[in-house]
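1. One predicted model, sequence on top.
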Amino acid sequence: MAQIIFLHGASSSGKSSIARALQARIERPFWHVSIDHLRDSGVLPMSRFRSREFDWRAARPAFFAGFHASLAAYADAGNDLILEHILDEDAWLGDLRRLFAGHDVYFVGVHCPLPRLIAREAARGDRAPGSAAADFATVHIGKHYDLELQSEDGLEANVDAILAGWRAGRRASSFSGIGP
């Protein structure tokens, strides 16, 4: 059984920073996996999607089906994961629950105030304007977490909270069968 620490929150909420700090402190060799890694590594032909030579809307379902299946394959092979992801399709929660069955998933909601999300999104410059605000309004609806964090509490405090909760082993989230 693999361990999966699933960081879920709006775009620009701080998931990547938390994941990097968590990976640096956790006592096991966790992989840090995200869509951004695929995008930034050149796996995806992003310039051709941006130019609209390729249709992202048409490619998106196959991309996410493959991404989700790859996560399950990593875990099924015995790799522990720190996953940062945004469940912006209702069906993805059920898909990942099925794919992660048999693994220990610690589901963490990452919250950030809207003004800060908007400022971070603008500073990054690699997100469609309005993505963070759209996520803010919908991303946590229907999700039940093992732990909920506020980005305003600071990186170290949030990593401490994740480590304490994960180590305690109590699970009561959408992935443990308790909750939506």
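-> Received the coordinates, thanks. Since the model is a prediction, treat every value here as computed from it, not as a measurement.

2. now the strands for the protein?
-> Secondary structure of the chain (DSSP state E): strands at 3-9, 31-34, 81-85, 104-111, 147-150.

3. Can I get the ones you listed in TSV including distance to residue 18?
-> All C-beta atoms are positioned from the backbone trio N, CA, C, and that covers glycine. Formatted as TSV, the strands of the chain follow (distance: least, CB to CB, whole Å):
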stretch	distance to residue 18
strand 3-9	6
strand 31-34	10
strand 81-85	8
strand 104-111	7
strand 147-150	7
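
4. okay, these in JSON lines with mean neighbour count and distance to residue 53 next?
-> As requested, the strands of the chain are exported to JSON lines (neighbours: other CB atoms under 10 Å; distance: least, CB to CB, whole Å):
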{"stretch": "strand 3-9", "mean neighbour count": "24", "distance to residue 53": "31"}
{"stretch": "strand 31-34", "mean neighbour count": "18", "distance to residue 53": "25"}
{"stretch": "strand 81-85", "mean neighbour count": "23", "distance to residue 53": "27"}
{"stretch": "strand 104-111", "mean neighbour count": "23", "distance to residue 53": "34"}
{"stretch": "strand 147-150", "mean neighbour count": "19", "distance to residue 53": "39"}
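
5. low-confidence ranges in this protein?
-> Low-confidence regions of the chain, defined by pLDDT under 70, span residues 125-126, 177-180.

6. for it, which helix is longest?
-> Under DSSP state H, the helix in the chain containing the largest number of residues is helix 56-76.

7. got the buried residues for that one?
-> Within helix 56-76, the residues that qualify as buried by neighbour count (16 or more other CB atoms under 10 Å) are 64, 68, 71, 72, 74, 75.

8. All good on my end, thank you.
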